[in-house]
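J.: The following comprises the amino acid sequence and a computationally predicted model.
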Amino acid sequence: MNVEYRLADGTDAQALAELGASTFMHTFGHLYETSDVEAFLQNHSPENWDRELNDPAFEVRVAESGGKLVGYAKLGPPHLPFEPRGEAAELRQLYVVEEMKGRGIAQSLMDWVIDRARDQRADYLYLSVFTENHRARRFYEKYGFEPEGTYAFMVGNHADEDIVMRLKL
């Protein structure tokens with residue numbers, strides 16, 4: 001299947017909300033109580049996406065195949081509970097639907113994120129990843145991301161341990 005990439009715009013809010021929620025549920029939904037997942041998924045509402053897509057502090061690149069979104073990466077200002085070093089940017093989310101994993105989509109999106117962070121003159125790129133998401137951690141480590149520390153990532157009322165990672169640009 002052919003994959004095309006482009007910047008997201010306001011017309012993508014609903015599709016991004018659905019992709020974010022379904023990908024999170026497929027990967028992590030089994031770990032949480034229903035009420036915790038429902039509370040967390042408010043972060044993926046079309047209204048939140050619309051707000052971020054219209055905020056110049058955020059950039060979102062989408063991957064499409066067959067007219068359907070199959071992945072995205074969101075770059076924005078740092079918001080994790082830590083003091084960033086120097087000028088910083090943050091990979092807020094990188095999601096690829098399960099059936100499209102292993103086709104180079106995540107790599108293409110990550111390459112774009114790194115290039116855009118450099119274009120923004122960031123010294124460091126930060127992200128957070130669930131400690132038990134070993135596949136994602138290996139992916140980020142291949143790019144040279146290093147652990148910075150941990151924090152409690154909230155899914156509703158449930159606290160998970162996430163690792164903050166940084167990449168010197």
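T.: Here it is on my side, so go on.

J.: Residue 69 bridge partners, please.
T.: Residue 69 has the following beta-bridge partners by DSSP bridges: residue 64.

J.: residues near it, how many?
T.: By the criterion of other Cβ atoms under 10 Å, residue 69 has 18 neighbours. To be clear about C-beta, it is placed using only N, CA and C from the backbone, and glycine gets the same treatment.

J.: residues contacting residue 62?
T.: 5, 6, 7, 8, 12, 16, 69, 71, 72 (Cβ atoms under 8 Å, 6 or more residues apart in numbering).

J.: for the protein, what spans make up the strands?
T.: 4-7, 59-65, 68-76, 88-96, 124-130, 146-155, 158-168 (DSSP state E).

J.: Would you mind putting those into TSV with mean pLDDT alongside?
T.: Listed next are these as TSV, based on pLDDT from 0 to 100:
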stretch	mean pLDDT
strand 4-7	98
strand 59-65	98
strand 68-76	97
strand 88-96	97
strand 124-130	96
strand 146-155	89
strand 158-168	93
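
J.: contacts for stretch 144-151?
T.: Here stretch 144-151 has contacts from 80-82, 125-128, 131, 161-168, using Cβ under 8 Å, 6+ apart.

J.: of the residues you listed, closest to residue 88?
T.: Closest approach between the contacts of stretch 144-151 and residue 88, by Cβ to Cβ: residue 126, at 5.9 Å.

J.: quick one: the closest residue to residue 72 other than its chain neighbours and residue 68, what's the gap?
T.: Spatially, and ignoring its direct neighbours in sequence, residue 72 is nearest to residue 62 (4.7 Å; Cβ to Cβ, 6 or more residues apart in numbering). Noted for residue 62: a distance of 10 Å to residue 68, by Cβ to Cβ, to the nearest Å.

J.: Can I get the buried part of the contacts of residue 62 as one ChimeraX selection?
T.: Buried subset of those, written as a ChimeraX selection, criterion 16 or more other Cβ atoms under 10 Å:
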select :8,12,16,69,71,72
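
J.: Which of the contacts of residue 62 sits closest to residue 98?
T.: Using Cβ to Cβ, the contacts of residue 62 come closest to residue 98 at residue 71, 10.6 Å.

J.: in terms of contact, does the closest one touch residue 100 like I think?
T.: Yes: taking contacts as Cβ atoms under 8 Å, residue 71 lies within contact range of residue 100: 6.4 Å.

J.: list residues touching both of these two?
T.: residue 63.

J.: give the contact list for the most centrally placed residue in the chain.
T.: Centroid-nearest residue in the chain: residue 93, 0.7 Å away (criterion: Cα atoms, centre = their mean). Contacts for residue 93 (Cβ under 8 Å, 6+ apart) come out as 20, 72, 73, 74.
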